[in-house]
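**Student:** Have a look; sequence and predicted model below, questions after that.
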Amino acid sequence: MTAQHKAPRGTRDTLPEDQPYWEFVREAASRTSTAFGYESIETPVFEEASLFTRGVGEVTDIVQKEMYIFKDRGGLDLALRPEGTAPVCRAYLEHGMHNLPQPVRLWYWTPIFRYDRPQAGRYRQHHQFGAEAIGEAASAVDAEVIELLWRLYEELGLTNLTLQLNSIGDSKCRPKYLEILRDYYRDKLDNVCLDCRARFDRNPLRLLDCKQERCQPIIAGAPPITDYLCEDCAAHFSELKALLETARIPFTLSPRLVRGLDYYARTVFEVTPPDEGAQSTIGGGGRYDGLIELLGGRPTPGVGFATGIERIILKLQRQGVAVPQRERPQVYVAVQTPAARVPAFRLASELRRAGISAISAAGERSLKAQMGHADAIGATYVAILGERELAEKTVTLRQLAGGAQETVPLTDVVSRIRPSR
RNA sequence: GUGGGCGUAGCGUAGCGGUUAACGCGCCAGGUUGUGGCCCUGGAGAUCACGGGUUCAAAUCCCGUCGUCCACCCCA
């Protein structure tokens, strides 16, 4: 019996045995967000494709080669969400959230789609938890979202993470820096990789991000952007660093950290685990002060992050973090005689009503097989209904773990399993 | 999108040119009279990823496709 269908490339099923990890992370994300005053938002899985081409940037990899785009039956150009920030900003505009107290603090947990080549920790459908604070430019909000992300990792028990921090300036100072960077590179293009030659024209900031061996010495000698920030950006950056120190969040300055999305301004950051591994970044974000305006709104600042759930779970598993066990039924109701079937079904039903999870035997299994089954599914108790019990209106309650068992009146079953409350 | 490794029952593996493809785990059943976990026995379950080729003969060799893993790219 070979399966005829498989989950599409780069997608996967989250099975019951995986769920404890998902629930653990989801619960921590929700709790941490709430602690920081963030409220949950959900946006559609697909959006107008132009939201991303415009918002994320035409020349980004996400837009150029990774978007799942399609026309619906009415001819609309749509895209499966390739990132979380642009949709939230769209919702902010669409619902007039500038009329709410600013900044508006939002968090989301959502599938993300990118047509990438899959690898461990890299999927075509993956999930991100993210938070956005829209409507306030102060560095305190940058510090706040970074602290939120960092607290989440702490809550989860992830260790040895590195927070990399940089400022890439704004529309005032970055163009000037890019000219300086180009000037620096101009006579070195012969010694640089092919990709970097393309970056020189298209997206010079990315030159700093190249991992090619041959480009490293050139990057090392490049002027760091942080030396060329305008006064406002420099002040914003140093305030942020001071606030992070106040919050005792350790960070590493990475003057070469740039990010793949066009909308970033000033603050950018990334969180990486100690592992080797290529796609090791587990979270990242930054400030996107121009984005709302780009999407047709009034100039509105914003800052946020996103973190990959699959990658978090991978780290949790690698670091051996214990998560709550998955829940098993408390009671398995077994029958010794066919006459007990209906009473067994009724007992299970009553237990559930009383808030005790229960399964009743189905099919024609022997009592012995039912016991084995109850054990295999991890039930805490087996409630046995046989001829004697039917006659006496009792049930034999057996605790699987120790094997202790007693016969109790049907009316006492609930209180026996859950003594008080 | 580029390069490389891998692809045998649900899972983990053995077999690497020659009769009905093996083992462990798991699943189902039995080991008499109402009871699990250990043990014993039996059973179900595999077009050996898919397609083509070489050969008297292919899971075993070759090619292609798909998937997966690793690196690049990019990112979460």
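**Tutor:** Yep, it's here.
**Student:** Which of the helices or strands spans the residue nearest to residue A:347 when sequence neighbours are not counted?
**Tutor:** Setting aside the residues directly before and after it, residue A:347 is nearest to residue A:333 in space (CB to CB, 6 or more residues apart in numbering), at 5.3 Å. Where C-beta positions appear, they are placed from N, C-alpha and C, glycine not excepted. Under the criterion of DSSP states H and E, residue A:333 resides in strand A:331-335.
**Student:** Please apply the same query to residue A:58.
**Tutor:** Here residue A:58 is assigned to no helix or strand, by DSSP H and E.
**Student:** Next, count neighbours for the closest residue in space to residue A:102 that isn't next to it in sequence.
**Tutor:** Counting by CB to CB, 6+ apart, residue A:102 lies nearest to residue A:135, which is 3.3 Å off, once chain neighbours are set aside. For residue A:135, the neighbour count with other CB atoms under 10 Å is 19.
**Student:** Confirm for me that residue A:135 is in contact with residue A:104.
**Tutor:** Yes: assessed by CB atoms under 8 Å, residue A:135 is found in contact with residue A:104 at 5.6 Å.
**Student:** Mutual contacts of the two, please.
**Tutor:** Common neighbours of residue A:135 and residue A:104 (criterion: CB atoms under 8 Å, 6 or more residues apart in numbering): residue A:97.
**Student:** Check the gap between the closest residue to residue A:120 other than its chain neighbours and RNA strand B for me.
**Tutor:** Take residue A:120 and drop its neighbours on the chain: the residue closest to it by CB to CB, 6+ apart is residue A:314, 7.3 Å away. In this view, residue A:314 and RNA strand B are 9 Å apart by CB to the nearest atom of the strand, to the nearest Å.
**Student:** number of nearby residues for residue A:314?
**Tutor:** 19.
**Student:** Can you say which helix or strand has it in it?
**Tutor:** Per DSSP H and E: residue A:314 is located in helix A:309-318.
**Student:** what helices or strands is that helix leaning on?
**Tutor:** When contacts are defined as 3 or more CB pairs under 8 Å, 6 or more residues apart in numbering; DSSP states H and E, helix A:309-318 packs onto helix A:19-35, strand A:125-134, helix A:139-156.
**Student:** nearest to RNA strand B, of these?
**Tutor:** Nearest of the helices and strands packed on helix A:309-318 to RNA strand B, taken as CB to the nearest atom of the strand: strand A:125-134 at 3.6 Å.
**Student:** Quick check: closest non-adjacent residue to residue A:22.
**Tutor:** Residue A:22 sits nearest to residue A:14 (CB to CB, 6+ apart), 6.1 Å away.
**Student:** again with residue A:17
**Tutor:** Nearest one to residue A:17, counting by CB to CB, 6+ apart, is residue A:326 at 7.1 Å.
**Student:** circling back: surely the residue nearest to residue A:120 touches residue A:122?
**Tutor:** No: using CB under 8 Å, residue A:314 makes no contact with residue A:122, being 10.3 Å away.
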